[in-house]
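Undergrad: No letters, just coordinates:
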């Protein structure tokens, strides 16, 4: 077994921290060979692949970005403001638009921190070496810089749909970044919003005649008015604060008649579609003029910037009829602009396939974020449910199948900027996981994401062991050295760094492992296009085995979610078996000294005792089956011929 070991000095102690980078199972041959020599079945050829002896594929090795299918991608989801500050002159935002100026306070987790488009461009080599082929950015159009005691660093408070937020750069700098990414054969996806704009429109009943007051006692919301109330004449009187009557672009967005104006959503019933999202102005997407106007806005964005696709925010809060017109129109327009593989996926915050799939079938969207996958990963690897949860997830993939979409194009993830990081979910779990266990389960969740159907998304910082302290602002740490005290108090997994340090470490063991995962995906057709069939499941933590079968390959993936070694016999005929990836029980990950990344000061692992904790999966090929033994919280990937 070829192991690269890097010894670092821990800031918190004199003990070594061992970072174990990419490991492909060379020991597997001897183990399997020995089993075969002792068996009566005919011998078969078993091959292995050594990652350290072969060049990893990057975006440059893939088909050209303009013609590359979405199923060939590995995504990196990044919040530009929290990534890297490439131009300090834009930190304070606009010099000409007061509503888009200021809000810069790198010590406050709810304000701008200085990251920008130039910073992203400077870090393209970092992303490319990670195996990333597509970058998805949080919204980048010009925001209202400050509202309700926080800033628009995240990009979801848009005033101007035609101009990049000046805190992030200029339109020309955005184009230069996209050109630079395309030169590396990396795609760029924008995060867009049609559901709402920044909070400009007020209601005199809640905000007074000038729109600057708060008149609702004992409540933080302006109560929602139903359609029945509106029909009966019980609605709100809109008011726009003086000086803000023409702050949105394009100009039609300044007219209150193009909004629902029904008060704040309570996230249930009709308010989920017609209500203001935490006060943000809810656009009336039922209005044909609005449908045409929003479609034209994003056609112009495609024409000017030539992005490769869109992630669409708050999709379930918009009437489905809007998507039926909007989505196909933009895909068709992109083709006329020379972007034949333009792709859009929506955020539908719901874990059930029956609900999610209606937006790709009835709603005519190409894809959605797979909250169902995230939920299944949580249940099996954090809540310790049985692996039959995963089997049920994939059994329901039929819900997505129609003439132009399938579950194979769902966009999969395990954590994000709203719900928080997977590592944090582990840390706060009632199961009281140690730092070592958090690392194992985090990496196993990502392995499942990479090697099962769908298009994997790395949430920025996961490759550096970021944990966070919750959702929303608490999950939006800086990759550049942070000045936020609450961020810097948190430990990271598999490193002695904190967010106070620069965290673009390409030797970090998580970074190395994710790069290996991407390499395996890029090199194996069935892991991108293969149909999924469950081979084995159980009602308790343990083995989940499935095949990915395409016209070129058949691959079997065996995952062990139990804390003990598990053996399973799979009914597969095979004359030749090749190990594509077989990590040890620590999933190639960093050892952790006591106190580093471990809220309970548990689980010391050092170079001295690591060898006793790193068994590799064993494979035995029988006449009509394959027997696999997988260590605790580990997995293996094999090609079956």
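TA: All right, it came through fine. Keep in mind the model is a prediction, meaning the values are calculated, not measured. Residues are numbered from 1 along each chain as shown.
Undergrad: State the number of residues packed around residue 150.
TA: 15 (other CB atoms under 10 Å). (Each C-beta comes from the backbone N, C-alpha and C, glycine too.)
Undergrad: I'd like the distance between it and residue 476.
TA: Using CB to CB, to the nearest Å, one gets 12 Å for the distance from residue 150 to residue 476.
Undergrad: Low-confidence bits of the stretch 501-641 of the chain, can you list those?
TA: Low-confidence segments of the stretch 501-641 of the chain, defined by pLDDT under 70: 584-616.
Undergrad: residue ranges of the strands in the stretch 501-641 of the chain, please?
TA: Listed in chain order, the strands of the stretch 501-641 of the chain (DSSP state E, counting those that start in this stretch) span 531-536, 543-549, 554-560, 566-570, 576-581, 618-621, 626-630, 634-640.
Undergrad: Distance to residue 525 and mean neighbour count for those strands - can I get that in CSV?
TA: Listed next are those as CSV, based on distance: least, CB to CB, whole Å; neighbours: other CB atoms under 10 Å:
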stretch, distance to residue 525, mean neighbour count
strand 531-536, 12, 17
strand 543-549, 9, 23
strand 554-560, 9, 24
strand 566-570, 21, 17
strand 576-581, 12, 21
strand 618-621, 21, 24
strand 626-630, 21, 22
strand 634-640, 10, 25
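Undergrad: Distance to residue 174 for those - can I get that in CSV?
TA: What follows is the strands of the stretch 501-641 of the chain, written out as CSV (distance: least, CB to CB, whole Å):
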stretch, distance to residue 174
strand 531-536, 37
strand 543-549, 37
strand 554-560, 39
strand 566-570, 49
strand 576-581, 37
strand 618-621, 49
strand 626-630, 46
strand 634-640, 38
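Undergrad: Of all the ones you listed, which one comes closest to residue 269?
TA: strand 531-536 (35.5 Å; CB to CB).
Undergrad: can you list contacts of the closest one?
TA: The set of residues external to strand 531-536 that reach it, using CB atoms under 8 Å, 6 or more residues apart in numbering, is 390-391, 394-395, 397, 408, 452-453, 543-550, 556, 558, 568, 570-572.
Undergrad: 6 Å instead, please
TA: With contact meaning CB atoms under 6 Å, 6 or more residues apart in numbering, strand 531-536 is reached by 391, 394, 453, 543, 545, 546, 547, 549, 568, 570.
Undergrad: before we move on, what about stretch 135-149?
TA: Here stretch 135-149 makes contact (CB under 6 Å, 6+ apart) with 75-80, 93, 99-103, 151-152, 154-161, 163-165, 168, 188-189, 191, 198-199, 311.
Undergrad: In helices, which of the residues you listed fall?
TA: Among these, DSSP state H puts none in helices.
Undergrad: In strands, which of those residues fall?
TA: With strands taken from DSSP state E, the overlap with the contacts of stretch 135-149 comprises 75-78, 151, 158-161, 163-164, 188-189, 191, 311.
Undergrad: re earlier: which of the contacts of strand 531-536 sits closest to residue 326?
TA: Comparing the contacts of strand 531-536 against residue 326 with CB to CB picks out residue 453 as the nearest, at 26.5 Å.
Undergrad: one step back: going by distance to residue 618, which of the contacts of strand 531-536 wins?
TA: Distance to residue 618, by CB to CB, is smallest for residue 568 among those, at 11.3 Å.
Undergrad: List the residues that contact the closest residue to the closest one other than its chain neighbours.
TA: Of all residues not flanking residue 568 in the chain, residue 543 sits nearest, at 4.5 Å (CB to CB, 6 or more residues apart in numbering). By CB under 6 Å, 6+ apart, residue 543 lies in contact with 536, 560, 566, 568.
Undergrad: Now flag whichever of those residues is closest to residue 60.
TA: Looking across the contacts of residue 543 and measuring by CB to CB, the closest to residue 60 is residue 560, at 34.7 Å.
Undergrad: Residue 628 is in contact with the closest one, correct?
TA: No: contact criterion CB atoms under 6 Å: residue 560 and residue 628 do not qualify, at 9.2 Å.
Undergrad: coming back round to it: state the pair within the contacts of residue 543 that is farthest apart.
TA: Across the contacts of residue 543 (CB to CB), the longest gap, 10.8 Å, separates 536 and 560.
Undergrad: Quick check: the two most widely separated of the contacts of strand 531-536?
TA: Spatial extent of those (CB to CB) is set by the pair 453 and 568 at 20.6 Å.
Undergrad: Tell me how many other residues surround residue 148.
TA: Using other CB under 10 Å, residue 148 has 12 other residues around it.
Undergrad: how much space between it and residue 198?
TA: Distance from residue 148 to residue 198, by CB to CB: 11 Å.
Undergrad: Also residue 440?
TA: As for residue 440, its distance to residue 198 is 43 Å (criterion: CB to CB).
Undergrad: Need the distance between the two termini of stretch 388-401.
TA: 22 Å (CA to CA, to the nearest Å).
Undergrad: and what of stretch 308-328?
TA: Taking CA to CA, the first and last residues of stretch 308-328 lie 15 Å apart.
Undergrad: now do stretch 472-490
TA: Terminal residues of stretch 472-490 lie 16 Å apart, using CA to CA.
Undergrad: sorry, back to before: return the member of the contacts of residue 543 nearest to residue 340.
TA: Distances from residue 340 to those, taken by CB to CB, are shortest for residue 536, at 39.7 Å.
Undergrad: What separation is there between the residue lying closest to the closest one once chain neighbours are set aside and residue 528?
TA: Leaving aside its sequence neighbours, residue 536 sits nearest to residue 545 (CB to CB, 6+ apart; 4.1 Å). Residue 545 sits 19 Å away from residue 528, taking CB to CB as the criterion.
Undergrad: Sounds good, over and out.
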